[in-house]
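S.K.: Compute the structure for the input listed below.
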Amino acid sequence: MRVRAAAGGGRVVEVAPQRLAGWVERFTERHGGPAATRSAPDRVVVEAADGATATLAVPFGGLPAGAEGLAGLLAHLAADRRIGLVLVRLGGYSVGVARAGVVEVSATGARPVHGRNRKGGSSSGRFARRRENQARVAIDAAAETVARVLLPQRLDAVVLGGDAAALDALRADRRLAPLLARAEPRVLDVPEPRRAVLDEAARRALAVEVTVREP
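M.R.: The predicted structure follows:
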């Protein structure tokens, strides 16, 4: 499980769907037993007896009508989905379609983008322009790959990962705007995109983000 600090205190844990029920049970046991469960379309909040809470973010459009609590969330997660994955960092990208956590179609590539120039003067300006051109070529290559791999596909969801600036540059491509507008709010933090990183992202895309706050 991946863990990071949560804004406003607490921590955020990524929990795989098949482990979620057990995780919630252990959470409430550690905090004196369950006290209450509240549901909203975008979250399920589990409160323990000592006041600790675990807020389970509901992915893929939220809970369907009539679904409530952990059981409703688990049923929602169990649906068969084809998920488009777009991982982009400056200079590299990996794009694919995954089903049940397994990548079925993919394309990965890289374009060189040099780091910062340490020299000053006019050479610094030339280096900056060169780097800007390299970055543009890299983003164009990523955009072409996303269009080729994902636009012909019938997708149930889209999950993004990588660098925010690179993803924003992709959104500027009119061809990709409708596709990327469907993306899940969560953006996966990933290293330089490679096929192995895409495989891991396919599994992480199914995970539930749980925000834990102690009493």
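S.K.: Quick check: phi and psi at residue 101.
M.R.: Here is the backbone geometry of residue 101 (degrees, to the nearest 10): phi 80, psi 10.
S.K.: For the protein, which segments count as helices?
M.R.: For the chain, the helices defined by DSSP state H cover 17-30, 69-77, 122-150, 164-171, 177-181, 195-204.
S.K.: Now do the fourth one: which elements does it pack against?
M.R.: The criterion is 3 or more C-beta pairs under 8 Å, 6 or more residues apart in numbering; DSSP states H and E, and the helices and strands that helix 164-171 contacts are strand 82-89, helix 122-150, helix 177-181. Every residue, glycine included, has its C-beta placed from N, CA and C.
S.K.: re earlier: so of the helices of the chain, which one's packed in deepest?
M.R.: For the helices of the chain, the largest average neighbour count (mean count of other C-beta atoms under 10 Å) is found in helix 195-204, namely a mean of 19.
S.K.: sorry, back to before: what's the least confident stretch among the helices and strands packed on helix 164-171?
M.R.: For the helices and strands packed on helix 164-171, mean pLDDT drops lowest on helix 122-150, to a mean of 77.
S.K.: re the thing from before, among the helices of the chain, which comes closest to residue 86?
M.R.: Closest to residue 86 of the helices of the chain, according to C-beta to C-beta: helix 122-150, at 5.7 Å.
S.K.: Compute the distance between the nearest residue to residue 64 once chain neighbours are set aside and residue 61, please.
M.R.: Sequence neighbours aside, residue 76 is the residue nearest to residue 64 in space, at 6.4 Å (criterion: C-beta to C-beta, 6 or more residues apart in numbering). For residue 76, the distance to residue 61 equals 9 Å [C-beta to C-beta, to the nearest Å].
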